[in-house]
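1. Provided below are the primary sequence and the corresponding predicted coordinates.
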Amino acid sequence: MVSKVEGIDPRELQSLQIYLNEYRQQAEIFTQQLALLEEGRVEALAAIDAIQGIKSSPDDTVLLQLGGGVSLRVRMVEPERVLLNVGADVVVERSSEEAVEYLKDRLTEMEASAKKVVETLDQLKYQMNEIARRLETGYHQYQMQQARPVPGEDQE
């Protein structure tokens, strides 16, 4: 039989530890989601800058990065038209102004999503702190009880 120690049941401590671990896992997932949103935000800002920079290119020549540190100078055939991935591997052709507006709208959506994720993370952290506080108090009470002699037991 599990004894109750000054109002702290060892099973409750175990349950609290399980909840704390689950909240940590959830917080990690939300942290990763926040990082992905930030990465998408940075990419959208870079794309907007690139589209706007193309307009200022006097001879319609840009550097095309191929990867591995290799770039090509290429002349654009239609600098005012861009191919825009709108999701689910669907690519549409739009004017550069429409593409910039689309990207700005996406930025707004990502920022709103990031705000919600941050709020959720803050709630999780608050709950984790509360559970950690309860665990610490419970373990301390449990240790104090274990250190005290039990009345009625023979003392050597």
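-> Looks like it came in fine.

2. so where's the longest helix in this structure?
-> helix 96-147 (DSSP state H).

3. give the other helices and strands that that one contacts.
-> Applying 3 or more Cβ pairs under 8 Å, 6 or more residues apart in numbering; DSSP states H and E, we find helix 96-147 packed against helix 10-55, strand 81-87. Bear in mind the C-beta positions are built from the backbone N, C-alpha and C, glycine included.

4. pLDDT on the longest one, on average?
-> Going back to what we said before, that points to helix 10-55. Mean pLDDT, helix 10-55: 93.

5. what is the orientation angle of it with strand 81-87?
-> Interaxial angle, helix 10-55 versus strand 81-87 (axes from the mean of the first three to the mean of the last three Cα atoms, to 10 degrees): 170 degrees.

6. what sits up against the helix or strand just after helix 10-55?
-> Counting by DSSP states H and E, the next helix or strand C-terminal to helix 10-55 is strand 61-67. Identification of contacts with strand 61-67 by Cβ atoms under 8 Å, 6 or more residues apart in numbering yields 53-54, 71-76.

7. and the two most separated of these?
-> Greatest spacing in the contacts of strand 61-67, by Cβ to Cβ: 53 and 72 (16.5 Å).

8. tell me the phi and psi of residue 73?
-> phi -90, psi 120 (degrees, to the nearest 10).

9. show me what it bridges to in the sheet.
-> In this structure, residue 73 bridges to residue 63 when assessed by DSSP bridges.

10. dump the residue contacts of it.
-> Residue 73 touches 61-64, counting by Cβ under 8 Å, 6+ apart.
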